[in-house]
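Visitor: Here is my input; please provide its structure:
(chains A, B, C and D)
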Amino acid sequence: MTTHYLVLSALLFTIGGIGVLVRRNAIVVFMSVELMLNSCNLAFVAFSRMHGNLDGQLMAFFVMVVAAAEVVVGLAIIVTIFRTRRSASVDDANLLKY
Amino acid sequence: MPWLSILMGVPVLGAVGVALIPKGREQLAKQLTLLVSLIVLALTVAMAVQFNPSGDRFQFAEKYSWIPSFGVSFGVAVDGIALVLIVLSAILVPIVVLASWREADQAGTVPESGAAAPKPKRSAKTYFALLLVLEAMMIGVFAATDVFLFYVFFEAMLIPMYFMIGSYGGPQRSYAAVKFLLYSLFGGLLMLVAVIALYVVADKNTFMFPELIGAIQDPNVQKWLFLGFFIAFAVKAPLWPFHTWLPDAAAQAPTGAAVLLVGVLDKVGTYGMLRFCLELFPDASKYFAPLVITLAVIGIIYGAIVAIGQSDIKRLIAYTSISHFGFITLGVFAMTRDAGAGATLYMVNHGFSTAALFLIAGFLIYRRGSQRIDDFGGVQKIAPVLAGAFLIAGLSGLALPGLSTFVSEFLVLIGTYERYIVPAVIAALGMVLAAIYILWMYQRMMNGPTAESVRNMPDLNGREKWVLAPVIAVIIVLGFYPKPVLDVINPAVHHTLQSVSVTEPQPAVPASADKKGAGQ
Amino acid sequence: MGEAITFWVLAVVSVTAALGMVFSRRAVYSALMLAVVMLSLAVLYAVQDAPFLAVVQVIVYTGAVLMLFLFVLMLVGVDSSDSLVETIKGQRFYAAIAGLGFAALLGLAIGNVALGAPKGLAEVTKAGNVPAVAELIFTRYVFAFEVASALLITAALAAMVLAHRERLRAKPTQKDLSRDRFLTDNPAGLPGPGTYARHNAIDMPALLPDGSVSPLSVSPVIARHESGAVVRPTDPEMVKSYVAAARERDAEEESMSLTREAEAETPGGEKEEK
Amino acid sequence: MSPAEITQYSGGGVIGVSWLMIALPLAGAAILLLGGRRTDRWGHLLGVAMSLASFVVAVLTFVALLGRDPAQRRLDIALFDFIPAGSLDVKMGLLIDPLSISFALLITGVGTLIHIYSIGYMSHDSDRRRFFSYLNLFVAAMLLLVLADNYVGLYIGWEGVGLASYLLIGFWQFKPSAAVAAKKAFIINRVGDVGLAIGIFTLFATFGTVGFKPIFENVGGASAGVMTAVGLLLLLGAVGKSAQLPLQAWLLDAMEGPTPVSALIHAATMVTAGVYLITRSSPIFEAAPTAQLVVTIVGAATLLFGAIIGCAKDDIKKGLAGSTMSQIGYMFLAAGLGGAVGYVAAIAHLLTHGFFKAGLFLGAGSVMHAMNDEVDMRRYGGLRKIMPITFGTFMLGYLAIIGIPPFAGWFTKDSIIEAAVQKHWILGAAAILGAALTAFYMSRMVFMTFFGEKRWEPDTHPHESPANMTGPMILLAIGSVFGGAFLVLGDRFMTFLAPVIGAPGPEYHGFQPLAPPGIITFVLVLAGIGIAWTMYGKRPVPVVAPRGSFATVAARRDLFGDALNEALFMRPGQWLTRVSVWFDNRGVDGLVNGLAATIGGTSGRLRRVQTGFARSYAMFVFVGAVLVTGALLLVGTL
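Guide: Numbers count the residues shown, from 1 in each chain, chains lettered A, B, ... in the order given. Okay, the predicted model is just below:
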């Protein structure tokens, strides 16, 4: 059964990755990142059960904490950028080049 | 008494002192630099007097642990070869300081004849501080007996020189400085790889040179490591075809920096070949000797021919140096005692001879505001002392007997001839080419009707005479009596060649009565 | 058997929702789709003997994080949507290739590994899941836990700092404000919105005595917003006048900038002529 | 009798301090050069004094040498350890023997006379002090050349005289022609010097030493091939210094120098160094017959070459220079013949030539001095009445050089001709023909200068030179008259030199003036004078040179020697230089700069990858992750 969870996790991770790559709305990009993090959590939980210890769950817990922190900061940045540029598209913030 | 540490420490402290002098008091900075360099010279002489040529190979040895986990230590000591080169550096630095007295004030500006002295763009104080730092590095690189320490000095030397060229040089200084730095770094990094590999393969947990002799036995490993070291030294020396950085660097560098660059810094290359390539990798050295000798001979002839065609006086001198470095490399890799002694002596003599040429060229350029040979003409009539000094310096460049370079060139050629006849004969043709490039340059600049542009050129002033007098005196004295230097060099060269374990070529018909005697 | 059914149902749901999240044009839809995925995952956690995590997932993610997303979406514009034109050349193509490749590789890897039957967590959660997790958190992972808390506090501070609008000059006093006002052309202030208005909304322009729209009476931000594709005011007459006013203003601005440029150029030209 | 052995001399006396011969003029040069303008007033006197002192030491040494047993006359005086290196250990020392002392006497004697002469000749030159310092330098270097007891010392002197010659030819360096001539002389000499240097290398590689004594004692052990090579290399050095074919081109241009220089360096002493080298290295040449043959061929060819050039020159100094080449050709011919007879003939001719040629040059200088430095003989004429002393001494030198008995040249030249005829008739014919040509061009010179009508430039007022100029001329003229008889009669010189080069074999019967070759020569010489008289004595000489036949033009242009050098070396050399400079800038440096440009360009293009779009960076991260995963899997399966 673990394999099923892992495959599901991989699928979600890939979908999240593609979302990061193709979407331009910064908020949606963030959502995709969250999706990738969640898929990892699923794998952690599955492994936790497989190995019979709680470390995996703990790890998932910490991932959630960090993800929460990341979202907070990230969204704050998006708001700041939006305030100056009137846009939430990641492609608009492209000055850091060459 | 830790002589060598003191020798390195004094200029570093002096440099700090000079750097701390408040802005606007350039005169004080110059005086302090001169004082420090003279102290270093005095200390060096005091040390050299105590050197015992027939004693241990490495003397004044010091060793302090530096990075124990890699067996890196701050190990310094001198043998005869290193000693003479350190003395060379110590003598040249005060001369360069004195020679840069005025030039440094205008560093970084394009001199224009007729125009009022342009406003200085760079601080002269920093220049002199860099000079002292460079002196410490030069002493360190020759004194290092720890291969890693040698590498550190080898690379660190670039830094002050980079700034001296890049900040105080001619119109194309940044191109020249970057070229110089990149070339040297390229070689240096190859050497770093080889140094690390040497440490790993030798597996002795030390970088101390004496303990590493004979540590590498596998001939293939030797060949690779040899190449790593050799290319670094060949770039530094510079050997054909790694030479093109030198004309640019020397032509753009301020006079003082050019003197030290060609006079001392480049000697690190040939010194490294003699010290490290030969002794650490004897088999590889023998294997590569024909190739290196070919390159050296090409360099001799090629450098001379290209020198003939130069129209910029400093570039011309740089190309003559490429030719002369060919001679030194030839002497090192001929692997006979005569050639080895000759090559070492050549390093010293070439230091003085090129220094004299660059210094006088610098005086001329300072007066005329141009490096182009065609911008001069008939200077001898106007400034006979200047012209005479230039002629002596030039003649030492073409190895005229009676001047010091002759002894070394003769030794190199005769020593090479013992083993390799054809390269020696081709190299001897370089003597003719040397006459052409020196005398033609002299003719174009000094002879003929006096050019309008030099009609008001002043002759050498007191300071300039004092700059040139010691150099020319050394050139002449060593030309007639090189014995003191040779006596110091000979045992060290003998040691080196013993490590390489080459057999000396024997004469076909050894003169029976007194092999060494000349008519006794 | 029950787990299998749950899994298959939720797997289909979550993958569909994830795809929907990625490919829906509207950000709000994406957020809602993400909520579906997260809730599905929460259930899957619960199925796998992780009730604590399931609850945390619901509370923290679906409850807090997603709400945050929605709030930000509100700030940015709920109805904002991406254009479908991809501007970076080949981005989608390579994304597809890389995504497929990645999925294939992971599948290959997972498929190739023979995983034993799950041991189950009964052993380690004799006292129940939550106490067991709590014990671990406060014993072995206490340091990480504390660091995480520090991280959260830092993140909260960071969010405040970032979202905070920096004041570049001293706060104007009442005196400053009044001085500024009297230095303008309209010391009495612009006409209030809706002087002759039929609505009292902020985006309704004032009408001049002749019945035409006063362009000065509407904030440019709102005007531009209104002149866009999505215009909601229902009075067609008003809509027309808004659009006309906005166009007029744009044209005016353009001509103004042109004149400025021309002015900037002429002095140099004169000099050259002289 | 074979040569005497060289013995170490450790006693005192004048021989012990014979190094003063070199040291005194060297000190003079140093004082005058370093002293600068402060020494202007008395500099010339110091120069003369140093040269004279050196001459005195030489004479005293000579006397001391005569006081010893002939077998004990080869003395080696150790001075100091010069170059102690690995296997090469050059110990500087002096070799005092009859050969070297003969040269020392010539150098210091003629040198002193020319020093004295120069006081007057250079009196109007503001740089007279510098001139004397160079002259002193030359005397010192030349003495080192002949006195050194090893090849390295000889080489130092060898290049030292080259330097002095360079400085003195280019003394009036503000004239571009002088500067070019000086440079040309030095460079061509350098070519020869390289030959000499390689010869020394070979000697060292063969014998393990550079000393004369150990080398000469072991010549027998070396292979003939090596000795031939050494001989040819030494010959290359000798032809460079002595302006023999094919390195002759510099001597005619060297006449740009002041006339005393031409007399001392380019007639009497330096250019004869090649003859000294060959004679000194006689053991080597005796062991290499092929090399000897080449020496004779070079000598014979040059003696004709120089004589032909001499016939066509209107410049009095260049005419004399051609003559010098020719006369040294005689010496080479004789030295190449080898054996005691050949060497003695060569050295004897060298000594007498030193007298009469120096005298002729000083005479020419005296004439030029009187004629406002005019050198064109077509502008002279009728000077015998105005300059009687110059005319007289010039005539004595003239009679000596063309070989009229009993003047000096007759004795010595006749010895050479005799020896050449005995060796091979071609050599003999060349020598005799050369004598006839000598008679022609010297007579031409005398007729054009001293006889005929005046063809002076309008504002010239010739006058006889002052006593300090005529004095040396008179002394040299005395040498030109009696020198030959003194040396040759009774085989005096041969006996003196015997410790160095051995005694002649039994087939030698002494000087035979009335043998057929001598008579033929004499007749031809008279014919040469006659032809010259009909062409230049009887008929008026045109002021502007007629176009002349092809032969005349060729001779005027040094038989195309310069053109040949130009076509063979200068043009290709210039081309090579240009190509090399181009290659260095475009090829080697271009490669480096090209590499730099390539790297710069590549990174400039690669930089474009940084588009600024976060999504594109994310793509790189993702693709990287895919690759890493793939790599991990691959590694796992392997």
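
Visitor: Contacts for stretch D:169-184, please.
Guide: Contact partners of stretch D:169-184, identified using CB atoms under 8 Å, 6 or more residues apart in numbering or on different chains, comprise B:378, B:380-381, B:439-440, B:442-443, B:446-450, D:127, D:130-131, D:134, D:165-167, D:185, D:249-250, D:253-258, D:261. Bear in mind the C-beta positions are built from the backbone N, C-alpha and C, glycine included.

Visitor: any idea which helix is longest in chain A?
Guide: In chain A, with assignment by DSSP state H, the single longest helix is helix A:55-85.

Visitor: Which strands and helices lie in contact with that one?
Guide: The criterion is 3 or more CB pairs under 8 Å, 6 or more residues apart in numbering or on different chains; DSSP states H and E, and the helices and strands that helix A:55-85 contacts are helix A:26-51, helix C:51-56, helix C:66-76, helix C:129-138, helix C:142-163.

Visitor: The stretch 1-150 of chain D: strands as residue ranges?
Guide: D:7-8, D:75-84, D:89-96 (DSSP state E, counting those that start in this stretch).

Visitor: Contact residues of chain D facing chain C?
Guide: D:611, D:613, D:615-616, D:619, D:622-623, D:625-626, D:629-630, D:633 (CB under 8 Å from any CB of the partner chain).

Visitor: Return the member of the helices and strands packed on helix A:55-85 having the minimum mean pLDDT.
Guide: Lowest mean pLDDT within the helices and strands packed on helix A:55-85: helix C:66-76, at a mean of 87.

Visitor: Measure how whatever helix or strand comes next after that helix sits relative to helix A:26-51, angle-wise.
Guide: Moving toward the C-terminus from helix C:66-76, the next helix or strand (DSSP states H and E) is helix C:91-112. Orientation note: helix C:91-112 sits at an angle of 10 degrees relative to helix A:26-51 (axes from the mean of the first three to the mean of the last three CA atoms, to 10 degrees).

Visitor: on that earlier part again, select, out of the helices and strands packed on helix A:55-85, the one closest to chain D.
Guide: Closest approach to chain D among these (CB to the nearest CB): helix A:26-51, 7.8 Å.

Visitor: Distance of residue C:179 relative to chain B?
Guide: Computed as CB to the nearest CB, to the nearest Å, the residue C:179 to chain B distance reads 47 Å.

Visitor: Run a quick neighbour tally on that residue.
Guide: Using other CB atoms under 10 Å in any protein chain shown, residue C:179 is surrounded by 11 other residues.

Visitor: and if you look at residue B:129?
Guide: A total of 24 residues lie near residue B:129 under the criterion other CB under 10 Å.

Visitor: now for the helix or strand where it lies, which elements pack on it?
Guide: Element membership for residue B:129 (DSSP H and E) is helix B:124-143. Helix B:124-143 is packed against helix B:3-20, helix B:26-50, strand B:72-78, helix B:80-103, helix B:147-156, helix B:158-168, helix B:255-260, helix B:267-272, with contacts defined by 3+ CB pairs under 8 Å, 6+ apart.

Visitor: So which residue is dead centre in chain D?
Guide: Centroid check for chain D by CA atoms, centre = their mean gives residue D:271 as the closest residue, at 2.8 Å.

Visitor: which residues does residue 69 contact?
Guide: Reading this off chain A. C:151-152, C:154-155.

Visitor: Same question for residue D:48.
Guide: Residue D:48 makes contacts with D:112, D:115-116, D:119, D:132, as judged by CB under 8 Å, 6+ apart.

Visitor: neighbour-wise, which of those residues leads?
Guide: Using other CB under 10 Å as the contact criterion, the top neighbour count among the contacts of residue D:48 goes to residue D:115, which has 29 neighbours.

Visitor: quick one: it from residue D:108, how far?
Guide: Distance of residue D:115 to residue D:108, computed by CB to CB, to the nearest Å: 10 Å.

Visitor: ok, and the closest non-adjacent residue to the residue nearest to the centre of chain D?
Guide: residue D:242 (5.0 Å; CB to CB, 6 or more residues apart in numbering or on different chains).

Visitor: Just confirm the one you found contacts residue D:273, I think it does.
Guide: Yes. Counting by CB atoms under 8 Å, residue D:273 is a contact partner of residue D:242 at 6.6 Å.

Visitor: Does residue B:187 lie in a helix or a strand, and which?
Guide: Assignment of secondary structure by DSSP H and E places residue B:187 within helix B:173-202.

Visitor: Give me the buried positions along the helix or strand where residue C:38 lies.
Guide: For residue C:38, the host element (DSSP H and E) is helix C:27-47. Judged by neighbour count (16 or more other CB atoms under 10 Å in any protein chain shown), helix C:27-47 contains these buried residues: C:27-28, C:30-47.

Visitor: before we move on, the earlier item: closest to residue C:214 out of the contacts of residue D:48?
Guide: Using CB to CB, residue D:132 is the member of the contacts of residue D:48 that sits closest to residue C:214, with 109.7 Å.

Visitor: pLDDT value on that closest one, please?
Guide: Looking at residue D:132, its pLDDT is 92.

Visitor: coming back round to it: ok and the longest helix of chain A relative to helix C:129-138, angle-wise?
Guide: Using the same axes, to 10 degrees: helix A:55-85 against helix C:129-138 is 70 degrees.

Visitor: Distance from the chain centre to helix A:55-85, please.
Guide: On the basis of CA atoms, centre = their mean, to the nearest Å, helix A:55-85 sits 9 Å off its chain's mean C-alpha point.

Visitor: Then stretch A:20-30?
Guide: That offset, for stretch A:20-30, works out to 11 Å (CA atoms, centre = their mean).

Visitor: what do you get for stretch D:145-163?
Guide: Using CA atoms, centre = their mean, we find the averaged C-alpha position of stretch D:145-163 to lie 12 Å away from the chain's own average C-alpha position.

Visitor: check whether it contacts chain B.
Guide: Yes. Against chain B, stretch D:145-163 shows contacts by CB under 8 Å from any CB at D:149-150, D:152-153, D:155-156, D:158-160, D:163.

Visitor: Would you quantify the distance from the residue nearest to residue D:271 to chain B?
Guide: Per CB to the nearest CB, residue D:242 is found 18 Å from chain B.

Visitor: I'd like to know how many residues surround that residue.
Guide: A count of nearby residues for residue D:242, using other CB under 10 Å, gives 30.

Visitor: Could you report the separation of the closest residue to chain C within chain A from residue C:117?
Guide: With distances taken as CB to the nearest CB, chain A approaches chain C most closely at residue A:52, which sits 3.1 Å away. Relative to residue C:117, residue A:52 is positioned 11 Å away (criterion: CB to CB).

Visitor: For the two, work out which one has more neighbours and name it.
Guide: More neighbours sit around residue A:52 than around the other of residue A:52 and residue C:117, counting by other CB under 10 Å; the figures are 16 against 8.

Visitor: In contact with the more buried one, which residues?
Guide: With contacts taken as CB under 8 Å, 6+ apart, residue A:52 has the following neighbours: C:118-121, C:123-124.
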